[in-house]
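> using only what follows, build the 3D model:
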Amino acid sequence: MAPAPWSPPELRLVCLDIDDTLIDCTAAIRFTLGALTGRPDMWPLWDLITEEHVAMVVAGELDYATMHHRRTECFLAEMGVLAAAEDVADFERRRRELLARSFRLFDDVLPCLDWLRAAGVLIAAVTNASGVHQRRKIADLGLASYFDHVAIAGELGVAKPHPVMFHSVCHAAACAPADTVHIGDKLDTDAIGAHNAGLGAVWLDRDGTGHTVPEGVHTIRGLDELPELLVSEFASVGVPAQRALGTPAVRLGKAVL
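Next up is the predicted model:
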């Protein structure tokens, strides 16, 4: 008997990472660290220390508030500055204030979000971050109104690439993982994590690194490539219908504040 013809899944929910997917966080952090230290080459050190400390948060060894302080303390120590606790706190305060003024969206973000909204799919933000500053960042940059649900690791107590992080979003939206796709800039955390959790997986490789990806993981260079990919891979996404002016989006879970 001939196998049944393949038919594409129905797409109901699109999940998007935030930092370095929608918001150019790396550029903002590079600028901030350079401005505060007078050293334009501090980003690699900060990134390495951040990865080590976020891993401790994911493992349940630190909360986000403690992590932020210890990360800055470790960063300053690596620079040869043994700072007192109040000086660490002052550096972290100044870093956050300058960073908040430096965040920018990538140019392809709003056109992509407008397309997804017009296409009638639900949109969720899925981010490994703490809650308060991430929600403020989303609101300040005009993203809050696009999202039907926001899932933040610091509020849920679980983080990508753990399947529970992805499945919690699917549950909140009443969507099966097979009807959901996740897009993010980190190959392991976002794309492979989503794929292992049963979601459609898209790696946003803005730098064109050309890394080999597992079967079932798609790669795009920018969010301007996402609509064509979704149209070709999912049955329910075609030419978007224009959303009537003032039509509210469905809201799921916690309100976006």
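> does residue 178 touch residue 9 like I think?
Yes: at 5.2 Å, residue 178 and residue 9 qualify as touching, with contact defined as Cβ atoms under 8 Å. Where C-beta positions appear, they are placed from N, C-alpha and C, glycine not excepted.
> quickly list what's touching both of those two.
residue 200 (Cβ atoms under 8 Å, 6 or more residues apart in numbering).
> now residue 182, what's its secondary structure?
Classification of residue 182 by DSSP: H, G, I helix; E, B strand; the rest coil places it in strand.
> where does the stretch 101-250 of the chain have low pLDDT?
235-250 (pLDDT under 70).
> which phi and psi does the nearest residue to residue 208 once chain neighbours are set aside have?
Leaving aside its chain neighbours, residue 208 sits nearest to residue 221 (5.9 Å; criterion: Cβ to Cβ, 6 or more residues apart in numbering). The phi and psi values for residue 221, taken as degrees, to the nearest 10, are phi -90, psi -20.
> number of residues surrounding residue 221?
Using other Cβ atoms under 10 Å, residue 221 is surrounded by 12 other residues.
> residue 67 too?
Counted with other Cβ under 10 Å, residue 67 comes out at 20.
> how about the helix or strand containing it: buried residues?
Residue 67 belongs to helix 64-78 when elements are defined using DSSP states H and E. Of the residues in helix 64-78, 64, 67-76 count as buried by neighbour count, 16 or more other Cβ atoms under 10 Å.
> mind putting the residues you listed into JSON lines with distance to residue 133 and pLDDT?
Listed next are those as JSON lines, based on distance: Cβ to Cβ, whole Å; pLDDT from 0 to 100:
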{"residue": "64", "distance to residue 133": "9", "pLDDT": "81"}
{"residue": "67", "distance to residue 133": "12", "pLDDT": "90"}
{"residue": "68", "distance to residue 133": "9", "pLDDT": "90"}
{"residue": "69", "distance to residue 133": "14", "pLDDT": "93"}
{"residue": "70", "distance to residue 133": "17", "pLDDT": "95"}
{"residue": "71", "distance to residue 133": "14", "pLDDT": "95"}
{"residue": "72", "distance to residue 133": "14", "pLDDT": "95"}
{"residue": "73", "distance to residue 133": "19", "pLDDT": "95"}
{"residue": "74", "distance to residue 133": "19", "pLDDT": "95"}
{"residue": "75", "distance to residue 133": "18", "pLDDT": "95"}
{"residue": "76", "distance to residue 133": "20", "pLDDT": "95"}
